[in-house]
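1. build me a model from this:
(2 chains, ligands or ions: 2)
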Amino acid sequence: MNFDWTKDEAELIKRVAGLWDEAALADLAALETAALETGDGSDLAALTRKQIGRLAEAGAFAVAVGPSAKAETLRWMALMENVAQASGSLLLAAESSVRLFGGLLAGWGGGPLANLLGQVVSGEAIGALALSEPGGNQPQTGGRTQGRKEGDGYRVTGTKGFVANGPMADMIAVSGQVEGKTAFFLVQPGQEGVKIGPRMATLGYNGLAVSTLDLDHAFVPADRVIGPLADDEAVRFLHTVQDLILVAASLGVMIRTHNEANAYSRTYHRGAKPIYSHQEVRFKLADTFTLMQTSQLLAYRAAWFQATGEKEAPVLIHAAKVFTAEAAEKVSSLAMQILAGRGYVMGNPVERGYREAKFAALAGTTSEVARMSIAEDVLRRFPVA
Amino acid sequence: MDFALTEEQVMFRDQVLKFAKKEIAPRCQEHDLKAEFDWEAWRKMGEFGLLGLHFPEELGGGGADVMTSVLAAEALGEAGVDGGLTLSLGAHTYLCADTIFRHGTEEQKKRYVPRLASGEWVGCMGLTEPGAGSDAASLKTRAIRQGDAWVLNGGKIFITNGSIAQVAVIYAKTNPDAGHAGISAFIVEKGTPGFSVSRNLHKMGCRTSPTSVLSFDDCVIPAENLLGVEGNGFFMSMQTVEWDRSTLLAPFIGAVAFCLERSARYAQERVQFGRPIASFQAIRRKLADMKIFMEAARSLVYRIAWCKDQGRPVNHLEAAVAKLFMGDWSLAPANDAVNLHGGYGYCHEYDMERVFRDSRLAPIGGGTSEVQRVLISRLM
Ligand SMILES: Cc1cc2nc3c(=O)[nH]c(=O)nc-3n(C[C@H](O)[C@H](O)[C@H](O)COP(=O)(O)OP(=O)(O)OC[C@H]3O[C@@H](n4cnc5c(N)ncnc54)[C@H](O)[C@@H]3O)c2cc1C
Ligand SMILES: Cc1cc2nc3c(=O)[nH]c(=O)nc-3n(C[C@H](O)[C@H](O)[C@H](O)COP(=O)(O)OP(=O)(O)OC[C@H]3O[C@@H](n4cnc5c(N)ncnc54)[C@H](O)[C@@H]3O)c2cc1C
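-> Ligands and ions are numbered 1, 2, ... in the order given. This next block holds a predicted model:
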């Protein structure tokens, strides 16, 4: 057992932490209100690409891409926590591109796609993954999107409800089926039969571009298709990666909102004293701190289970996802209570975190589905005596 | 960072679990009902080596690391051993015997540690007083040096094992004007004239562990019964907090594991509306929440144990976080376990109501949740 970071882990974390200078933080703040693509370098696409490029340069994408790099899950979690602390939107954009889209290519993409993987990991290209579908939460297979063989490729038809990076991606991996087997079709914006919906307005993570995606008999050449696959290992892998990303997103929300409320409570005076001097305020901070630390340790432990291939890893990851998501909602809510009116006004880290917190509980494996899956495992382990 | 347990640690934990399930747990309900200390279980735990796990072998201990001690304590809870017995063990081994081991002279160690480690003698620790609970440093019990002796006057309350202990580590003021630095620790043996146990308190939970009111009425003890350095007592008592946040918390985690196992099996057996209640999502949700709590709590408590094993001073902030989380978040899983068992959960035969009552101590004993919040908000 060792609760310290190793030297390598600590160095990587430090390198990534070093990225968030004043200029970068200003960019990340701008991201939250930026228009999608204006072409003047201050738009969402340009800002996101710039920061993803900087992350790549710092070595953030040199670890944990694809199933064979599973052993690096713990240091990946630490990295993500760091990015999430700076910006949850950037975390989701970068991870959707690199560990979801890129992870799929790394594990299941053949030779012709190696080049694309290289571009994604270096930050040159942005990827997206379209898995979930309307009317079907988190399919355990490719979903209802269908690919039919035609010449040297497939005609693909289907609808995806939410695609992070959709409006700005260079390439989107779309899950579907070919004769009952899971396959992923790589499509490009502008391609015939590929309709990327307008950027959605969302409650939180306003610096993330999300859209729907419709494929209407889109032709995808065979060298842009992963599969048909013999099993659903890839889908399971992607769900796990999604859930781990959302765990980190929740940690980011907690760190930002707790830190803000803590600092505020010591400088903001009511009467002659800073509000920190009141137990009603201070004890809330004790709770937010406790939830934050407990969440961090559980997240690291779940990541370690995944890294070492422990049998209980899926249970621990679901446990971490449920716990951290709910803790983030609680922490951001208490933090807002401390900032009170100032927290409620748009444009501060606490209201932003408050809006973002909800996402982790309803995205990826929802808290309900995660709890049912944990219970399933418990019931299997303790059958009737 | 690395969360691996060693093979020996896992093996020992499994041995303790098996032993406790067979030898100890079946006795607990009866003793809880009678609110009676279980001497037979105590003897068996002593024989198994559980009462002095971490002491060196030459003092009758098992030479185990702190992590192993935590895992053993967790395994006792998981086996279904009641919170009273694990509380008695905690107060005996970690609050009393360990304080003598850490601060005692060679003679004191030789006289007390082997007898306590084997379970031949029972130990207790007296810090809390009727007027000094959370603010322990305001204690009033007085120790005055008279020639070759110390004379103790005062009273203690809520002292685990008080009525069954041969050895008590007692904190008293040696210099009332020196604040924290005016507190010292003493060893008082049962039978010392002037030392008496006036009564045991009736409690809602942890009922097999006697909780006693102690009186010192011109109680004369030899000068050599001063434990450690005069004036160092408060610091010593704060050191025991490190145990309080690791080995004394671990049984509460184990108790949730016990609830989880019992509840999962019961839910698959119990049929209502023509199907096992395990088929209802509301039941499954409770099982999931118990599991989630358990895993969250483990990391916190293991971190304290690991820290101690590294020989590092325990980080008081981390210790308070562990205590607060265990205290305030452990009640929900026990509550859920009662409800999952329906009316049976409310009745004694099904253990769950006992676990529920026992776990209510978590946010009080060894420092209340409010006090943890004071500490956390100060240290963070
Ligand atoms: C901003 C945003 C970005 C996203 N980005 C992506 C992306 O890039 N790629 C992608 O693939 N997906 C993406 N998603 C989709 C996201 O992962 C889904 O929202 C999530 O999987 C939940 O699916 P759903 O919204 O269809 O909810 P539903 O499945 O319709 O669930 C509705 C409710 O019913 C509950 N429920 C469902 N089944 C059960 C059950 N068996 N037992 C108990 N309760 C149940 C759910 O927990 C939930 O509370 C994104 C979503 C959003 C909002
Ligand atoms: C079963 C049991 C076994 C025990 N075993 C031992 C033992 O072996 N040895 C021993 O020495 N002691 C023992 N104790 C005592 C235990 O440590 C104390 O009960 C505990 O520290 C609280 O003290 P108190 O009961 O006097 O409560 P008080 O300190 O009177 O507290 C009353 C309430 O006020 C709150 N409060 C106090 N100060 C503050 C503050 N600053 N801010 C906000 N709220 C505050 C508390 O949180 C609590 O809610 C035991 C207690 C029990 C119940």
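2. which pLDDT does the model give B:Glu224?
-> Looking at B:Glu224, its pLDDT reads 97.
3. so what's the residue count around A:Arg352?
-> 25 (other C-beta atoms under 10 Å in any protein chain shown). In this view, the C-beta of every residue, glycine as well, is placed from N, C-alpha and C.
4. helix/strand/coil for A:Ser211?
-> Following DSSP: H, G, I helix; E, B strand; the rest coil, A:Ser211 is assigned to strand.
5. give me the distance between it and ligand 2.
-> In this view, A:Ser211 and ligand 2 are 51 Å apart by C-beta to the nearest ligand atom, to the nearest Å.
6. which segments of chain B make up each domain?
-> What the record gives for chain B is the domain set B:7-122, B:124-231, B:245-379, from automatic domain parsing.
7. quick check: end-to-end length of the last one?
-> Spelled out, that is domain B:245-379. Domain B:245-379 has an end-to-end distance of 16 Å (C-alpha to C-alpha, to the nearest Å).
8. now whichever strand or helix holds A:Ala248: buried residues?
-> Using DSSP states H and E, the element containing A:Ala248 is helix A:233-267. With burial defined by 16 or more other C-beta atoms under 10 Å in any protein chain shown, the residues of helix A:233-267 counted as buried are A:234-235, A:237-262, A:264-265.
9. over to stretch A:90-107?
-> Using 16+ other C-beta under 10 Å as the test for burial, stretch A:90-107 gives A:90-107.
10. skipping adjacent residues, who's closest to the residue of the stretch 51-200 of chain B found nearest chain A in space?
-> Here the stretch 51-200 of chain B gets closest to chain A at one residue, B:Met67, 6.5 Å apart by C-beta to the nearest C-beta. Counting by C-beta to C-beta, 6 or more residues apart in numbering or on different chains, B:Met67 lies nearest to B:Ala305, which is 4.6 Å off, once chain neighbours are set aside.
11. measure that neighbour to B:Glu74 for me?
-> Noted for B:Ala305: a distance of 10 Å to B:Glu74, by C-beta to C-beta, to the nearest Å.
12. what helix or strand is the residue of the stretch 51-200 of chain A found nearest ligand 2 on?
-> Closest approach between the stretch 51-200 of chain A and ligand 2, counting by C-beta to the nearest ligand atom: A:Gln85, at 31.2 Å. Here A:Gln85, judged by DSSP H and E, is contained in helix A:73-86.
13. in helices, which of the buried residues of stretch A:90-107 appear?
-> Using DSSP state H, A:Leu90, A:Leu91, A:Leu92, A:Ala93, A:Ala94, A:Glu95, A:Gly103, A:Leu104, A:Leu105, A:Ala106, A:Gly107 are the members of the buried residues of stretch A:90-107 that sit in helices.
14. got TSV for the residues you listed, with pLDDT and distance to ligand 1 too?
-> Compiled in TSV, these are given as follows (pLDDT from 0 to 100; distance: C-beta to the nearest ligand atom, whole Å):
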residue	pLDDT	distance to ligand 1
A:Leu90	98	14
A:Leu91	98	13
A:Leu92	98	8
A:Ala93	98	10
A:Ala94	98	13
A:Glu95	98	10
A:Gly103	98	13
A:Leu104	98	11
A:Leu105	98	16
A:Ala106	97	18
A:Gly107	97	17
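15. closest one of those to B:Asn225?
-> When those are ranked by distance to B:Asn225 (C-beta to C-beta), A:Leu91 comes first, at 60.4 Å.
16. minimum distance to ligand 2, which residue of the stretch 151-300 of chain A gives it?
-> A:Gln279 (6.1 Å).
17. pLDDT score for the closest residue to A:Val120 other than its chain neighbours?
-> Distances taken as C-beta to C-beta, 6+ apart put A:Gly102 closest to A:Val120, at 4.4 Å, once the chain neighbours are dropped. Confidence at A:Gly102, expressed as pLDDT, is 98.
18. isn't A:Gly102 right up against A:Pro67?
-> No - checked against C-beta atoms under 8 Å, the pair A:Gly102 and A:Pro67 is beyond contact range at 11.7 Å.
19. ok, the residue of the stretch 151-300 of chain A closest to ligand 2 to chain B distance?
-> As judged by C-beta to the nearest C-beta, to the nearest Å, A:Gln279 and chain B stand 8 Å apart.
20. repeat for A:Pro228
-> 34 Å.
21. how about the secondary structure of that residue?
-> coil.
22. what residues are up against it?
-> Counting by C-beta atoms under 8 Å, 6 or more residues apart in numbering or on different chains, A:Pro228 makes contact with A:Gln177, A:Val178, A:Glu179, A:Lys181, A:Thr182, A:Ala183.
23. and chain A, what are its domains?
-> The record's domain parsing of chain A by automatic domain parsing lists A:7-121, A:127-226, A:233-381.
24. give me whichever of those domains is most buried.
-> Comparing those by mean neighbour count (mean count of other C-beta atoms under 10 Å in any protein chain shown), domain A:233-381 ranks first with a mean of 21.
25. what's the first-to-last distance across it?
-> End-to-end distance for domain A:233-381, by C-alpha to C-alpha: 23 Å.
26. okay, now the closest residue to B:His202 other than its chain neighbours: neighbour count?
-> The shortest distance from B:His202 to any non-neighbouring residue, by C-beta to C-beta, 6+ apart, is to B:Ala35 (7.1 Å). Using other C-beta under 10 Å, B:Ala35 has 15 other residues around it.
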